[in-house]
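# take this sequence and fold it.
(2 chains)
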Amino acid sequence: MSLSTQPLTPEIVSQEGNAMVLSMGPQHPSTHGVLQIMLEIEGETIVKAEPEIGYLHTGIEKNMENLFWSHGQTNAERMDYLAPSSNALCYALAVEKLLGITDQIPERAQHIRVLQGELTRIASHCVWLGTHAIDIGAISVFFYCFDLRENILDLQEAAGGARMHPNYIRIGGLNGDLPDGYLDKLDALIAKFPGRMRDLRGLLQANPIFQDRTIDVGVITAQQAIEWGVTGPALRGSGIAYDVRKAYPYSGYDRYQFDVPTRTDGDAYARFLVRLDEMEESLRIISQVRKDLNTPGPVAIDDPKVFPVPKETIALSMEALIHHFKIVSEGFRVPPGDVYSPIEGPRGEVAFYIVSNGENRPYRARLRPPSLYNLQCLKGMAPGNLIADLVVMIGSLDPVFGEVDR
Amino acid sequence: MEIGPGQFLLARLDDVARWAQSSSVWPLTMGLACCAIEMMSVTSAEYDIARLGSEVFRSSPRQADLMIVSGRVAQKMAPVVKRLYDQMADPKWVISMGACASSGGVFDNYAIVQGVDTVIPVDVYVPGCPPTPDGLLYAVNLIQQQIKEGGRGGILARS
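Got it, this is the predicted structure:
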């Protein structure tokens, strides 16, 4: 893999042979957002590929420095918009670690957090599978995937009030308990899921066209994966069973029985299989969480300095009114220090590195975006392949540009 | 209504053209951020934008009638959006989907264009973060209505 610092622009056209420079993106149906790839091609074969990012740079991290700790949650969700709940969970865990309240989070809140994390993983993989299949030319998979995703979005809407950015997981617990009728909908989803997975596997797994397009395309060896800092399904597709849920359990993941699916081939097909297996493992966790959800209990810590008091107490108690006024008007302060807190998102190791100087706002909040590290391999993977295979590689890495560019 | 042999219909060419135009508004495949996922949702079985004749997402701006600005427009992306808009053939319409595209949303900072209407003219604004797919369908409806009536510009898709 060559690492050159010379940027590739359309103005540079190689003088020798038939090489030409082609700009792919930023508006391209298969780049999954606003990725631009400058390609030097010879016929259909890629000689050199330079991913150009930053077309969605939002300044989210800078914005977070001007927001109260609790408001930062809103921005965290908008980084990885395919899996907002897992980003929200990551941020909440990081701030809770700084506050030193990690072990005070109630049991029920932890169960529901795990539930949300796994639901969002399935929803995210649904979008990945639907778009990956469209890139390769299979359209019907998209409809099946988005139908399943729609059921999950309904659950998110019921819990948090919004389809895509529910803002349900908060620092110190959750924004309220699950609403009535939620568990029935969840049971319906659990019942529907195995059949739908059979459909999806039936459409693609043994499909000769799909196999032709993905097997031996975009191979990442285990060594390369480690060198490039790849995590998540892309790393597990190369045979390394690293999963933050197992390696550094959080939110009580050590209570649940689940496997970490791996494959050794390291190609796009291996990553496809890993993600499908992961969806089934997620459902296994959800089924286990479901049993715990029958036990009622508090869903947020009982500390009016960190978590707002219940609204109905404000009119009854002077203390509650003061606490409410303080937390709304000036937030809460977090002891000085810094923390790195990783979780396993749908794309890999999502982590927040947060520095506090004791104020009511973060001094610095930095996201470790798995997509950015995974996307790096493209530069090494692409040369020697066809342009059509590049589309498969991007799809199999599943980048989200909200978190790559932030 | 059945038209038998020897019978005919009279209509103004303008009306027929507008009726045809409004039933085949083809959007441009341009996903920017979160809203792009909801834009994909409207093509799914649940919402089915094909009912409005707009399911044909075109990847080339030359073949598209409607630009859905789905998400925050970064300073780096704004020239690209402008160029794509210029490349679209007339007549063309623009939906500004979501709070970020309409006004910058929660991102009032150095990186985000504070409203895509500073770069290209917008016909319909859809509020929400992100708007529901129903919201986007309603916006497409408003575009169709605009085409039939021949008006342009600045409608807020509010229920």
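# can you map out the strands along chain B?
Remark: strands assigned in chain B by DSSP state E are B:66-70, B:93-97, B:124-126, B:155-156.
# got those as TSV, with mean neighbour count, distance to residue A:291 and mean pLDDT columns?
Every C-beta, even on glycine, is put in place using the N, C-alpha and C of the backbone. Below are the strands of chain B laid out as TSV (neighbours: other Cβ atoms under 10 Å in any protein chain shown; distance: least, Cβ to Cβ, whole Å; pLDDT from 0 to 100):
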stretch	mean neighbour count	distance to residue A:291	mean pLDDT
strand B:66-70	27	40	91
strand B:93-97	27	41	91
strand B:124-126	27	41	91
strand B:155-156	15	47	60
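# which of those sits closest to chain A?
strand B:66-70 (10.3 Å; Cβ to the nearest Cβ).
# do the closest one and chain A meet?
No: applying Cβ under 8 Å from any Cβ of the partner chain, one finds strand B:66-70 separated from chain A by no less than 10.3 Å.
# next, the angle from that strand to strand B:93-97.
Interaxial angle, strand B:66-70 versus strand B:93-97 (axes from the mean of the first three to the mean of the last three Cα atoms, to 10 degrees): 20 degrees.
# who are the packing partners of strand B:66-70?
Applying 3 or more Cβ pairs under 8 Å, 6 or more residues apart in numbering or on different chains; DSSP states H and E, one finds that strand B:66-70 makes contact with helix B:34-41, helix B:78-87, strand B:93-97, helix B:98-103, helix B:133-149.
# quick one, the second one and strand B:66-70 angle?
Relative orientation of helix B:78-87 versus strand B:66-70 (the same axes, to 10 degrees): 160 degrees.
# quick check, helix B:78-87 touching chain A?
Yes: judged by Cβ under 8 Å from any Cβ, helix B:78-87 comes into contact with chain A at B:80, B:84.
# who touches that helix?
The contact list for helix B:78-87 (Cβ atoms under 8 Å, 6 or more residues apart in numbering or on different chains) reads A:26-27, A:55, B:28, B:30, B:61-62, B:67, B:69, B:73, B:92, B:94, B:113, B:116, B:119-120.
# with the first one instead?
Where contact means Cβ under 8 Å, 6+ apart, the residues beyond helix B:34-41 that reach it are A:33, A:78, A:81-82, A:127, A:130-131, A:146, A:149-150, A:163-165, A:402, B:31, B:47, B:68, B:70-71, B:97-98, B:100-101, B:129-133, B:136.
# what comes up buried for the lengthiest helix in chain A?
Identified as the longest helix of chain A according to DSSP state H is helix A:107-136. Going by neighbour count (16 or more other Cβ atoms under 10 Å in any protein chain shown), the buried part of helix A:107-136 is A:108-136.
# quick one: whatever helix or strand comes next after it to helix B:34-41, angle?
As assigned by DSSP states H and E, the chain's next helix or strand after helix A:107-136 is helix A:140-160. Interaxial angle, helix A:140-160 versus helix B:34-41 (the same axes, to 10 degrees): 120 degrees.
# on contacts alone, who are the packing partners of helix A:140-160?
Contacts defined by 3+ Cβ pairs under 8 Å, 6+ apart place helix A:140-160 against helix A:107-136, helix A:182-204, helix B:34-41.
# for whichever helix or strand comes after that helix, packing partners?
Counting by DSSP H and E, the next helix or strand C-terminal to helix A:140-160 is strand A:169-170. Secondary-structure packing of strand A:169-170 (3+ Cβ pairs under 8 Å, 6+ apart): helix A:84-99.
# what average pLDDT does the helix it packs on get?
Helix A:84-99 shows a mean pLDDT of 92.
# taking helix A:107-136 as reference, get the angle to that helix.
Going by the same axes, to 10 degrees, helix A:84-99 makes 140 degrees with helix A:107-136.
# may I have helix A:84-99 as PDB, with CA atoms only?
Presented in PDB, the C-alpha positions along helix A:84-99 are these (Å, rounded to 0.1, in the frame of the first residue of the first chain):
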ATOM      1  CA  PRO A  84     -28.200   7.500  16.700                       C
ATOM      2  CA  SER A  85     -29.000   5.500  19.900                       C
ATOM      3  CA  SER A  86     -25.600   3.900  20.000                       C
ATOM      4  CA  ASN A  87     -23.900   7.200  19.700                       C
ATOM      5  CA  ALA A  88     -26.100   8.600  22.400                       C
ATOM      6  CA  LEU A  89     -25.300   5.700  24.600                       C
ATOM      7  CA  CYS A  90     -21.600   6.200  24.000                       C
ATOM      8  CA  TYR A  91     -21.800   9.900  25.000                       C
ATOM      9  CA  ALA A  92     -23.900   9.200  28.000                       C
ATOM     10  CA  LEU A  93     -21.600   6.500  29.300                       C
ATOM     11  CA  ALA A  94     -18.600   8.800  28.800                       C
ATOM     12  CA  VAL A  95     -20.100  11.700  30.700                       C
ATOM     13  CA  GLU A  96     -21.400   9.300  33.400                       C
ATOM     14  CA  LYS A  97     -17.800   7.900  33.800                       C
ATOM     15  CA  LEU A  98     -16.600  11.500  34.400                       C
ATOM     16  CA  LEU A  99     -19.400  12.200  36.900                       C
END
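# tell me what that helix is packed against?
helix A:72-77, helix A:107-136, strand A:169-170, strand A:337-345, strand A:348-356, strand A:364-368.
# nearest to residue B:88, of those?
Nearest to residue B:88, of all the helices and strands packed on helix A:84-99, is helix A:107-136, at 22.7 Å by Cβ to Cβ.
# just to revisit the earlier point, out of the strands of chain B, the one nearest residue B:15 is which?
Using Cβ to Cβ, the strands of chain B put strand B:93-97 closest to residue B:15, at 18.5 Å.
# now do the closest one against helix B:133-149, angle only.
Using the same axes, to 10 degrees, strand B:93-97 lies at 160 degrees relative to helix B:133-149.
# that older thread, deepest in the core, which of the helices and strands packed on strand B:66-70 is it.
With neighbours defined as mean count of other Cβ atoms under 10 Å in any protein chain shown, those peak in mean count at strand B:93-97, which reaches a mean of 27.
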